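Colleague: Based on what follows, work out the 3D shape:
(one chain, ligands or ions: 1)
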Amino acid sequence: MRSMSEGLGLQAGPADLLVSLIAETSSLTAFGADGVRQRGACPWHPDPSESLFTASGVWHCFACGAGGDAVGWIMRPTL
Ligand SMILES: [Zn+2]
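Modeller: Model prediction:
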């Protein structure tokens, strides 16, 4: 079990940075067999259904069409 936790530690990178940023405003839920993709509520439109998807350090909202990387998330104006 020690080697497993060390392996997870080595995976910390841009994808986890983005997830932690999004988690400040939205709750994310992992889905899919690999657990890499996550979905949550997009904070930039009135009906924040689970239209926001993120995987491998990029994000996209299928409701409002917004998307980008971690920098794009930071630069988006908040409501
Ligand atoms: Zn949206």
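Colleague: tell me, how many neighbours does A41 end up with?
Modeller: Close neighbours of A41, defined as other Cβ atoms under 10 Å, add up to 20. To be clear about C-beta, it is placed using only N, CA and C from the backbone, and glycine gets the same treatment.
Colleague: should've said L18
Modeller: Taking other Cβ under 10 Å as the neighbour definition, L18 ends up with a count of 25.
Colleague: residues in contact with it?
Modeller: Contact partners of L18, counting by Cβ atoms under 8 Å, 6 or more residues apart in numbering, are 54, 57-59, 69-70, 73.
Colleague: Could you tell me which of those residues count as buried?
Modeller: By neighbour count, with 16 or more other Cβ atoms under 10 Å, the contacts of L18 hold 54, 58-59, 69-70, 73 as buried.
Colleague: sorry, back to before: just name the closest of the contacts of L18 to R39, please.
Modeller: Among those, T54 lies closest to R39 (Cβ to Cβ), at 7.5 Å.
Colleague: and the closest one, what element?
Modeller: Counting by DSSP states H and E, the element that carries T54 is strand 52-55.
Colleague: check whether that strand contacts the ion.
Modeller: No. Applying Cβ under 5 Å from the ion, one finds strand 52-55 out of contact with the ion, separated by at least 6.2 Å.
Colleague: Following element in sequence after that strand, please.
Modeller: Toward the C-terminal end, the helix or strand that comes next after strand 52-55 (DSSP H and E) is strand 58-61.
Colleague: contacts for whichever helix or strand comes after that next one?
Modeller: If you walk from strand 58-61 toward the C-terminus, the next helix or strand you reach (DSSP H and E) is strand 67-69. Counting by Cβ under 8 Å, 6+ apart, the neighbours of strand 67-69 from elsewhere in the structure are 14, 18, 57-61, 75-76.
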